[in-house]
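**Student:** generate coordinates for the sequence data below:
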Amino acid sequence: MEKGAESFSWVGSRDNFVDRPHVFSMDHLTVGRFGGNSSAGQYKNEDGCLVWMNAQTGWEFVLLLDAHNTAESAEKVLKQVEAHKAALETLLNQPLDSAFFQSLEKKVLAMFQAEEFRKVCRNVQGETACLIAVRKGKYIWWFSVGDCLLYLFHPELAEFGQYQLNQRQFYEWIGQVNTFEGAVPCYSSGTRELRQGDNHLFLTTDGLVECPGEPFAEPKAIRGCFKGVSNEQGVSALLTEIQKNGVRDSTTVISWEISVHEKAAMASNQ
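**Tutor:** Model prediction:
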């Protein structure tokens, strides 16, 4: 593996973490997994995630999956992305310029629209939501199919009540029902400049926000769990709370902070 590079991938069919919250860190990034409560009827986990990062060239590539019916679709998406790792890393290691994220999006689209991959999807049982987020320099880019969530927590944005980057889309998946089989593929993508200071990036599947009692339906409640504690402690607090509340659905979260020294865009009269 290239110097400074780290990688991790997992799918719930390998280890379901039912009744077992699990939190670990890769350098500055933390992954939390909880398969749900067996007392609520849970017995499987159909989430998945992948993390690649390179400290030398300054980027993180994270993928979050939330499948249903079976975990097959999550397994196939992971396999497809991992098969294109070398090409994606070549793009991620390029200098940041105006075409950087456009090139990345073009590659991701080609990867999911490939006839061979679509043929694989036709033969799986179930489908998955898929959220990819890439941070390079002081920018975050995302590619979203379905209803996983991406948040950016920063005091300047919080003043305006701005936390969520992508919008959840229902009835949109990859797998047996596949947006890339349509005449026009439906997905969303976007790019944002991170603010000066500490930026907290946070991805989650919907188990967290749809937990009984909805303790984390509001982004401010998620953000509150990280005040004055480490990233790992914050993620642990989230998973402990939903376990206590009797959540059935599995939850997978990815959380990390990026400190930006450069000034961000401000209004001309500020």
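**Student:** burial of V81, as a residue count?
**Tutor:** 21 (other C-beta atoms under 10 Å). Glycine gets a C-beta too; all of them are placed from N, C-alpha and C.
**Student:** A110 too?
**Tutor:** By other C-beta under 10 Å, 12 other residues sit near A110.
**Student:** which neighbouring elements make contact with the helix or strand hosting it?
**Tutor:** Assigned by DSSP states H and E, A110 belongs to helix 100-113. Using 3 or more C-beta pairs under 8 Å, 6 or more residues apart in numbering; DSSP states H and E as the contact test, the elements touching helix 100-113 are helix 72-83, helix 85-92, strand 127-136, strand 139-145.
**Student:** can you classify the nearest residue to I222 once chain neighbours are set aside as helix, strand or coil?
**Tutor:** With sequence-adjacent residues excluded and distances taken as C-beta to C-beta, 6 or more residues apart in numbering, I222 is closest to F216, at 5.2 Å. Under DSSP: H, G, I helix; E, B strand; the rest coil, the three-state class of F216 is coil.
**Student:** pLDDT score assigned to F216?
**Tutor:** As predicted, F216 sits at a pLDDT of 98.
**Student:** what about it, how many neighbours?
**Tutor:** 23.
**Student:** contact partners for it?
**Tutor:** 208-209, 222, 238, 241-242 (C-beta atoms under 8 Å, 6 or more residues apart in numbering).
**Student:** buried sites along the helix or strand where S255 lies?
**Tutor:** Under the criterion of DSSP H and E, S255 resides in strand 251-260. Residues 251-256, 258, 260 are the ones in strand 251-260 that count as buried (16 or more other C-beta atoms under 10 Å).
**Student:** closest one of these to E60?
**Tutor:** Minimum distance to E60 across the buried residues of strand 251-260 is 6.7 Å, recorded for W256 (C-beta to C-beta).
**Student:** sketch out the low-pLDDT regions of the stretch 151-270 of the chain for me.
**Tutor:** Within the stretch 151-270 of the chain, no stretch has pLDDT under 70.
**Student:** those strands in it, which residues are they?
**Tutor:** 174-175, 188-193, 197-204, 251-260 (DSSP state E, counting those that start in this stretch).
**Student:** what helices and strands are in contact with the first one?
**Tutor:** In terms of contacts (3+ C-beta pairs under 8 Å, 6+ apart), strand 174-175 is packed against helix 72-83, strand 127-136.
**Student:** so what strands line up beside that strand?
**Tutor:** Note on strand 174-175: by DSSP bridges, its sheet partners are strand 127-136 (antiparallel).
**Student:** what's the average pLDDT for the strand it pairs with?
**Tutor:** pLDDT averaged over strand 127-136 gives 98.
**Student:** re earlier: most packed of the helices and strands packed on strand 174-175?
**Tutor:** strand 127-136 (a mean of 26; mean count of other C-beta atoms under 10 Å).
**Student:** put the alpha carbons of it into CSV.
**Tutor:** In CSV, the C-alpha atoms belonging to strand 127-136 read as follows (Å, rounded to 0.1, in the frame of the first residue of the first chain):
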residue,chain,number,x,y,z
GLU,A,127,-31.3,-2.9,-3.5
THR,A,128,-29.2,-0.4,-1.6
ALA,A,129,-28.9,3.3,-0.9
CYS,A,130,-25.4,4.5,-1.7
LEU,A,131,-23.6,7.7,-0.5
ILE,A,132,-20.1,8.6,-1.5
ALA,A,133,-18.3,11.5,0.1
VAL,A,134,-14.8,12.8,-0.8
ARG,A,135,-12.8,15.4,1.0
LYS,A,136,-9.8,16.9,-0.7
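**Student:** and that strand with helix 100-113, angle?
**Tutor:** 160 degrees (axes from the mean of the first three to the mean of the last three C-alpha atoms, to 10 degrees).
**Student:** quick one, strand 127-136 and helix 85-92 angle?
**Tutor:** Angle, strand 127-136 to helix 85-92, by the same axes, to 10 degrees: 40 degrees.
**Student:** gap between strand 127-136 and the chain center?
**Tutor:** Its chain's C-alpha centre and that of strand 127-136 lie 5 Å apart, by C-alpha atoms, centre = their mean, to the nearest Å.
**Student:** cool, and stretch 179-198?
**Tutor:** On C-alpha atoms, centre = their mean, the centre of stretch 179-198 falls 12 Å from that of its chain.
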